[in-house]
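# Quick check, what structure comes out for this input:
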Amino acid sequence: PHLVQVVSSGPDENLDAIHKLFFTAIAGAERRVQLTTPYFVPDETTLNALNAAALGGVEVTILVPSGGDAPFVAAAARTYYPELLEAGAKIYEHPDPPVLHAKTLVVDDLAVIGTANTDNRSFRLNFEVVAAVHDGAVADQLAEKLKEDLGHSKRVTLAALERAPIHRRLYSSVARLFSPLL
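Below is the predicted model:
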């Protein structure tokens with residue numbers, strides 16, 4: 001039997017339970033953090049937890065869409081990449097189509113699957129629900145699926161980000177200004 005914890009959050013409560021689950025899991029990571037999300041616009045707390053994990057020697061892998069169904073959100077997401085890459089995280093962009101819509105988090109022997117993206121809207125504004133499965137075998141199965149998805153994805157590098165055309169970088173910077181709303 002697996003220990004499964006169902007966590008929900010929404011604007012009708014002030015608990016931010018899913019955000020706290022993500023933060024606590026990432027901050028306590030010892031071996032791996034594997035995040036798949038179509039919308040990656042982390043708040044400062046989540047970004048700091050990911051950076052601290054990577055800097056602490058935890059293997060941090062993030063899979064996001066290359067464009068997805070919200071190019072403005074993808075543009076904002078790219079502004080978070082340099083700091084994460086410098087900390088040692090690995091970031092991959094999944095090609096479109098199909099649109100990457102998986103929302104998963106693997107931290108050591110914990111697997112989280114649900115409706116929540118890694119953004120303020122999911123953490124604080126939308127009604128969301130996730131299942132946190134406390135089982136190493138399930139986490140390993142989800143990690144294998146991620147490995148398969150990474151085989152179809154392109155790894156993001158600092159050099160590639162720096163070579164991006166100035167208009168793309170400017171667009172991304174403007175998009176980041178709206179991050180609290182995305």
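
# the helices in this structure, which residues?
17-27, 44-55, 71-78, 81-87, 120, 136-150, 158-163, 166-177 (DSSP state H).

# in the chain, which segments are predicted with low confidence?
Applying pLDDT under 70 to the chain picks out residues 182.

# hmm, try it at 90
Judged by pLDDT under 90, the chain has its weakly predicted residues at 1-2, 12-15, 66-76, 96-101, 120-121, 124, 161-182.

# related to what we said a few turns ago, want to throw the helices of the chain into JSON lines with distance to P95 and mean neighbour count?
Any C-beta I mention is one placed from the backbone N, CA and C, and that applies to glycine too. Below are the helices of the chain laid out as JSON lines (distance: least, Cβ to Cβ, whole Å; neighbours: other Cβ atoms under 10 Å):
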{"stretch": "helix 17-27", "distance to P95": "26", "mean neighbour count": "20"}
{"stretch": "helix 44-55", "distance to P95": "23", "mean neighbour count": "19"}
{"stretch": "helix 71-78", "distance to P95": "12", "mean neighbour count": "21"}
{"stretch": "helix 81-87", "distance to P95": "17", "mean neighbour count": "17"}
{"stretch": "helix 120", "distance to P95": "26", "mean neighbour count": "19"}
{"stretch": "helix 136-150", "distance to P95": "10", "mean neighbour count": "15"}
{"stretch": "helix 158-163", "distance to P95": "15", "mean neighbour count": "11"}
{"stretch": "helix 166-177", "distance to P95": "17", "mean neighbour count": "14"}
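
# What distance do you get for K20 to V112?
12 Å (Cβ to Cβ, to the nearest Å).

# Could I get the helices of the chain in TSV, plus columns for distance to L63?
Below are the helices of the chain laid out as TSV (distance: least, Cβ to Cβ, whole Å):
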stretch	distance to L63
helix 17-27	15
helix 44-55	13
helix 71-78	12
helix 81-87	13
helix 120	20
helix 136-150	6
helix 158-163	16
helix 166-177	19
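
# Those: which one's closest to L3?
helix 136-150 (10.1 Å; Cβ to Cβ).

# Output that closest one as CSV - backbone C-alpha positions only.
The C-alpha trace of helix 136-150 is given here as CSV (Å, rounded to 0.1, in the frame of the first residue of the first chain):
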residue,chain,number,x,y,z
GLY,A,136,10.1,5.4,-3.7
ALA,A,137,8.9,3.0,-6.4
VAL,A,138,6.2,5.4,-7.6
ALA,A,139,8.7,8.3,-7.6
ASP,A,140,11.1,6.1,-9.6
GLN,A,141,8.4,5.3,-12.2
LEU,A,142,7.6,9.0,-12.6
ALA,A,143,11.3,9.8,-12.9
GLU,A,144,11.6,7.2,-15.7
LYS,A,145,8.7,8.9,-17.5
LEU,A,146,10.6,12.2,-17.2
LYS,A,147,13.7,10.6,-18.5
GLU,A,148,11.7,9.5,-21.6
ASP,A,149,10.3,13.0,-22.1
LEU,A,150,13.8,14.5,-21.8
